[in-house]
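Novice: Let's see this in three dimensions:
(2 chains)
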Amino acid sequence: MKNKIPLIVLMIASLSGCTNVKPWVKPYERQNLADPIMVSNSHPISSAYLHHVHEAREGARGAAGSGGGGCGCN
Amino acid sequence: MNIKNTIIFFLLALNSLFVNSAVLPEDKIDVLYHSYDGGGVEVNGPSVLVRKKFLDNFSVSTNYYVDMVSSASIDVVTTASAYSEERTQYSVGVDYLHNETTISINYVNSDESDYEANNASLTISQDFFSNLTTLSIGYSNGWDTVMQNGQDDFSEDVDRQNFRVDLSQVITKNFFMNLTVEAITDDGFLNNPYRSVRFLDPTVASGYSFQSELYPDTKTSTAVVISGRYFLPYRAALHAEYRDYSDTWGVDAQNFEIKYIHPYNDHLTFEASTRYYQQNEADFYADLFPFQTAQNFLARDKELSSFDSISIGLGATYEFKMNSAGFEKGSVNLYYNYFQFDYDNFRDLTVVTAPGEEPLYSLDANVIRAFVSFWF
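Specialist: The predicted structure follows:
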């Protein structure tokens, strides 16, 4: 039963969803976020190469090219 | 919780977060020429990326990439001979869009004369909270084979696992932020079989001799990136990014980047950026060890030393409409980056003087990315 508790909680959450959250940035207010200059990784082929250069010359690695989603403009 | 319940838990968690908006990437061909020139190393070659949607819910992508390397780096000229080699990399990926959730799988193979790398990855992305938040969770597994030219019987393995979480959040109608955490674990032969460390040796004229480097068999790293992009009132964008990094070899690193994107008109966009990076040395790094096999692990790789670097970047993109050969739009792009690396405890052995008195090494590098893109 202990293992099923998280499942039950999530099933309830699944049914209710999160669609009741009122967006503080309305869909009609998102034209700036949807502008092509706001895309974080607009040229994946190019940014991947620069990340490759960084990783070849530096000791650090990972978490490069942080996600570009979340603008709600699709 | 067993594996089955864990999977169900995970899927339900994603389902509960579901609202509309995920879309597949655009159909596009990119053809890129890349060039790196710095520190006696020249690397250039092509990269071609093709992406195409099919069956409404799928998008497939494939990438062909080549590094043609000509190296007379400081390591090579002081301990070995200049060399040339070629690395070829292929990748194929599929994105699947179902109920507004995007599931991506990708496979990469990289092959060169003395190293083969394979990597398979799975990423699940979901938009929620009225499309103001995007959560991506990724896992990848890599399996490499390390070889040594001239030693046919030498073959060692490396296994690698990556765990990554991306969270993107709209803050205002002009500003969004990203938080990315990635943990990577390596297990296997992590040395470079050609690289040496040096130690004081009063029996030779130079005062020092070399022995093979020796690294631990495991390494785990954690990187956290926080970034944000702001839309300026006159239609330009400002991007800032900070990364904090640490690993079990004792390397801590930080980098900060700021980028400005300025559209000049409907066709032409300019970009300028600067980036600062600094790290401390690994626990087992030394430029000069006091005697042979002075400790269990030995490194004199300048990428494991203490150093900082600063880079500046400039770029321009020209976009144009097309009505031929099935293409709708195209772009011509040119990006240039200049790097300056200053090492704090890696010395230039091309200067002959008393051991440990050589000048500190530094290098600069020029990086060019020139590419065309066609949307269809």
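
Novice: can we go C-alpha only for contacts and neighbour counts from here?
Specialist: OK.

Novice: residue contacts, B:Phe175?
Specialist: Neighbouring residues of B:Phe175 by C-alpha atoms under 8 Å, 6 or more residues apart in numbering or on different chains: A:33, B:228-231.

Novice: Next: B:Arg347.
Specialist: Here B:Arg347 is in contact with B:287, B:356, B:358-361 (C-alpha under 8 Å, 6+ apart).

Novice: Same question for B:Ser59.
Specialist: Applying C-alpha under 8 Å, 6+ apart, the residues contacting B:Ser59 are B:24-25, B:51-53, B:94-96.

Novice: Buried subset of those, written for ChimeraX?
Specialist: Filtering the contacts of B:Ser59 down to the buried ones (16 or more other C-alpha atoms under 10 Å in any protein chain shown) takes a single ChimeraX command:
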select /B:24,51,52,53,94,95,96
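
Novice: Switch the contacts of B:Ser59 over to a markdown table; also include pLDDT and secondary structure.
Specialist: Formatted as a markdown table, the contacts of B:Ser59 follow (pLDDT from 0 to 100; DSSP: H, G, I helix; E, B strand; the rest coil):
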| residue | pLDDT | secondary structure |
| --- | --- | --- |
| B:Leu24 | 88 | coil |
| B:Pro25 | 89 | coil |
| B:Arg51 | 96 | strand |
| B:Lys52 | 97 | strand |
| B:Lys53 | 96 | strand |
| B:Val94 | 97 | strand |
| B:Asp95 | 96 | strand |
| B:Tyr96 | 96 | strand |
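
Novice: Looking at the contacts of B:Ser59, which is nearest chain A?
Specialist: B:Leu24 (9.8 Å; C-alpha to the nearest C-alpha).

Novice: you'd agree that closest one is up against B:His98?
Specialist: No - assessed by C-alpha atoms under 8 Å, B:Leu24 is found out of contact with B:His98, at 10.4 Å.

Novice: intersection of neighbour lists for these two?
Specialist: B:Asn57.

Novice: residues touching the residue lying closest to B:Asn191 once chain neighbours are set aside, list them.
Specialist: In space, and not counting its chain neighbours, B:Asn191 is closest to B:Tyr215: 5.6 Å by C-alpha to C-alpha, 6 or more residues apart in numbering or on different chains. B:Tyr215 sits next to B:190-191, B:297-299 when contact means C-alpha under 8 Å, 6+ apart.

Novice: quick one: which helix or strand includes B:Ala370?
Specialist: Here B:Ala370 sits within strand B:360-375, counting by DSSP states H and E.

Novice: how far away is the residue nearest to B:Asn191 from B:Asp186?
Specialist: 12 Å (C-alpha to C-alpha, to the nearest Å).

Novice: again, but for B:Thr248
Specialist: Taking C-alpha to C-alpha, one finds B:Thr248 at 11 Å from B:Asp186.

Novice: Need the residues touching each of these two.
Specialist: In contact with both B:Thr248 and B:Asp186: B:219-220, using C-alpha under 8 Å, 6+ apart.

Novice: which of those two has more neighbours?
Specialist: B:Asp186 (18 against 15; other C-alpha atoms under 10 Å in any protein chain shown).

Novice: Next, count neighbours for B:Val31.
Specialist: Counted by other C-alpha under 10 Å, the residues lying close to B:Val31 total 20.

Novice: Nearest spatial neighbour of it, chain-adjacent residues omitted?
Specialist: B:Val48 (4.6 Å).

Novice: Could you list every helix and strand in contact with the helix or strand hosting that neighbour?
Specialist: Using DSSP H and E, B:Val48 maps to strand B:41-54. When contacts are defined as 3 or more C-alpha pairs under 8 Å, 6 or more residues apart in numbering or on different chains; DSSP states H and E, strand B:41-54 sits against helix A:44-57, strand B:28-38, strand B:58-71.

Novice: where along the stretch 151-300 of chain B do the strands fall?
Specialist: B:151-172, B:175-188, B:196-200, B:208-212, B:218-232, B:236-247, B:252-263, B:268-279 (DSSP state E, counting those that start in this stretch).

Novice: which secondary structure elements does the fifth one contact?
Specialist: Translated: strand B:218-232. strand B:175-188, strand B:236-247.

Novice: likewise the longest one?
Specialist: For strand B:151-172, the packing partners by 3+ C-alpha pairs under 8 Å, 6+ apart come out as strand B:133-148, strand B:175-188.

Novice: Output those as JSON lines; include the columns distance to B:Ala117 and mean pLDDT.
Specialist: Formatted as JSON lines, the helices and strands packed on strand B:151-172 follow (distance: least, C-alpha to C-alpha, whole Å; pLDDT from 0 to 100):
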{"stretch": "strand B:133-148", "distance to B:Ala117": "4", "mean pLDDT": "95"}
{"stretch": "strand B:175-188", "distance to B:Ala117": "13", "mean pLDDT": "97"}
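
Novice: Out of the ones you listed, indicate the one that is most buried.
Specialist: Burial of the helices and strands packed on strand B:151-172 is given as mean neighbour count (mean count of other C-alpha atoms under 10 Å in any protein chain shown); strand B:175-188 ranks first at a mean of 21.

Novice: partners of it, with directions?
Specialist: Strand B:175-188 has its sheet partners listed here by DSSP bridges as strand B:151-172 (antiparallel), strand B:218-232 (antiparallel).

Novice: Please work out which of these is packed deepest.
Specialist: Ranked by mean neighbours (mean count of other C-alpha under 10 Å), those are led by strand B:218-232, with a mean of 20.

Novice: What pLDDT does the model give the residue of the stretch 251-376 of chain B found nearest chain A?
Specialist: Nearest residue of the stretch 251-376 of chain B to chain A (C-alpha to the nearest C-alpha) works out as B:Glu303 at 5.2 Å. What the model reports for B:Glu303 is a pLDDT of 96.

Novice: buried residues in the strand holding B:Val48?
Specialist: Those would be B:41-53, for strand B:41-54 by 16+ other C-alpha under 10 Å.

Novice: The helices and strands packed on strand B:218-232 into JSON lines, with extra columns for distance to A:Ile45?
Specialist: JSON lines is the format used below for the helices and strands packed on strand B:218-232 (distance: least, C-alpha to C-alpha, whole Å):
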{"stretch": "strand B:175-188", "distance to A:Ile45": "20"}
{"stretch": "strand B:236-247", "distance to A:Ile45": "19"}
